[in-house]
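Enquirer: 3D model of this:
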Amino acid sequence: MPGEHSSKQYDLDLEGIRSKVLTMGGLVESQFQDAMACFRTGDAERAEQVIKADEGVNRLEVSLDDTCSHLIVKRQPTANDLRTVMATVKVITDLERIGDEATKIARAAKNIQGRGVTTINHYETVRVIATVASDMLHDALDSFARLDEKQALKLIAQDEVVDHEFRSIMRNLITFMMEDPRTISAALDTLWVAKAIERIGDHAKNIAEYVIYVVEGKDIRHTDYASTKNPG
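Expert: Alright, predicted model coming up:
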C-alpha cells in the first residue's frame, strides 16, 4: 500500500508539472503570435509588451526546472517515469528559447517602425513561414499534452517546409539588397525575423521528438526517423 500511495503522489506531482509546462507553452505561443502581429502592424508599444512578457516565461523556466529537480530527488523515478521527467525538462528549455525568438521578432518590429518608410513588404516576405511555424508550435504542444506520437511524427515532417521557405526568403532578400542598397536595413531586420521563425520551427520539432522519446523510448534526434515511419 505505501508503494501504491507513493506512485499516486508521483503521478499527481508529474501532472502538476505537465499542466504548468502547458501554461508556459500557451504563454510562448501567444508571445509568438503577438510578436508577428507587431511585425505586421509596426505597433511599437505592443512589441514592448511582448519583450516584457519574456520575463514571465523565464521565471516559469527557473521554477519548473527546480520543481523537476526536486521530483527526481524525492521520487527517484526509473525507466519510463524518468524518461518522462527528463523529456519534460528539455521541453521547458525549448519553450524558453521560443520565447527568446519571439522577443527578437518584437525587437525587429520596433526597429522597422522606428526607421519609418520601408521599401520592402517585410511581413508578406515571412507570412508563409510564420504560418507553418505557428502551426508546428500549436501541434507540438497538443502532441505533448496528449502524448500523441502520430501527431508528433507529422509535425517533424513539416520542419523541411520551414527550412525550404527560409532558404527561399534568404535568396530573395539578398537579391533585394544587391539591387537596391536602400533596402539593406529593412531586409536585414526581415532576415533576422525569418531566422527567428525558422528556429521556432526547430524548437517545435524538438518537442515532438521528446514526445516520441517518452512514448516509444527512442531518441530520434539527428536521425531520419520520421521519413522511415512515413515512406513516400
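
Enquirer: ok, and for stretch 8-26, which residues are buried?
Expert: Tyr10, Asp13, Leu14, Ile17, Arg18, Lys20, Val21, Leu22, Met24, Gly25 (16 or more other Cβ atoms under 10 Å). For glycine as for every other residue, the C-beta is placed from the backbone atoms N, C-alpha and C.

Enquirer: helices along the protein, start to end?
Expert: Applying DSSP state H to the chain gives helices spanning 2-41, 44-75, 79-115, 122-146, 149-179, 184-216, 225-229.

Enquirer: so what secondary structure elements neighbour the first one?
Expert: Spelled out, it's helix 2-41. Using 3 or more Cβ pairs under 8 Å, 6 or more residues apart in numbering; DSSP states H and E as the contact test, the elements touching helix 2-41 are helix 44-75, helix 79-115, helix 122-146.

Enquirer: check which helices and strands the shortest one sits against.
Expert: Which is helix 122-146. So helix 122-146, by 3+ Cβ pairs under 8 Å, 6+ apart, packs with helix 2-41, helix 79-115, helix 149-179, helix 184-216.

Enquirer: can you get me a residue count around Glu48?
Expert: 15 (other Cβ atoms under 10 Å).

Enquirer: contact partners for it?
Expert: Neighbouring residues of Glu48 by Cβ atoms under 8 Å, 6 or more residues apart in numbering: Ala106, Lys110.

Enquirer: one more: Arg221?
Expert: Asn206, Glu209.

Enquirer: returning to that earlier point: out of the helices of the chain, indicate the one that is most buried.
Expert: helix 184-216 (a mean of 23; mean count of other Cβ atoms under 10 Å).

Enquirer: and it with helix 79-115, angle?
Expert: Here helix 184-216 runs at an angle of 170 degrees relative to helix 79-115 (axes from the mean of the first three to the mean of the last three Cα atoms, to 10 degrees).

Enquirer: tell me the mean pLDDT for helix 184-216?
Expert: In this model, helix 184-216 has a mean pLDDT of 95.

Enquirer: picking up where we left off before, and of the helices and strands packed on helix 122-146, who's closest to Leu137?
Expert: helix 184-216 (4.6 Å; Cβ to Cβ).

Enquirer: output the contacting helices and strands for that closest one.
Expert: helix 79-115, helix 122-146, helix 149-179.

Enquirer: quick one: that helix to chain centroid distance?
Expert: The chain centre lies 6 Å from the centre of helix 184-216; the measure is Cα atoms, centre = their mean, to the nearest Å.

Enquirer: angle of it against helix 122-146?
Expert: Going by the same axes, to 10 degrees, helix 184-216 makes 10 degrees with helix 122-146.

Enquirer: which of the helices and strands packed on helix 122-146 sits closest to Ser63?
Expert: helix 2-41 (7.8 Å).

Enquirer: chain center to that closest one: distance?
Expert: 13 Å.

Enquirer: let me see the mean pLDDT of that helix.
Expert: 88.

Enquirer: any idea how far Asp11 is from Val62?
Expert: 24 Å (Cβ to Cβ, to the nearest Å).

Enquirer: re the thing from before, how about the buried residues of stretch 8-26 in JSON lines, adding distance to Ile156?
Expert: Listed next are the buried residues of stretch 8-26 as JSON lines, based on distance: Cβ to Cβ, whole Å:
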{"residue": "Tyr10", "distance to Ile156": "30"}
{"residue": "Asp13", "distance to Ile156": "29"}
{"residue": "Leu14", "distance to Ile156": "24"}
{"residue": "Ile17", "distance to Ile156": "24"}
{"residue": "Arg18", "distance to Ile156": "21"}
{"residue": "Lys20", "distance to Ile156": "25"}
{"residue": "Val21", "distance to Ile156": "20"}
{"residue": "Leu22", "distance to Ile156": "20"}
{"residue": "Met24", "distance to Ile156": "21"}
{"residue": "Gly25", "distance to Ile156": "17"}
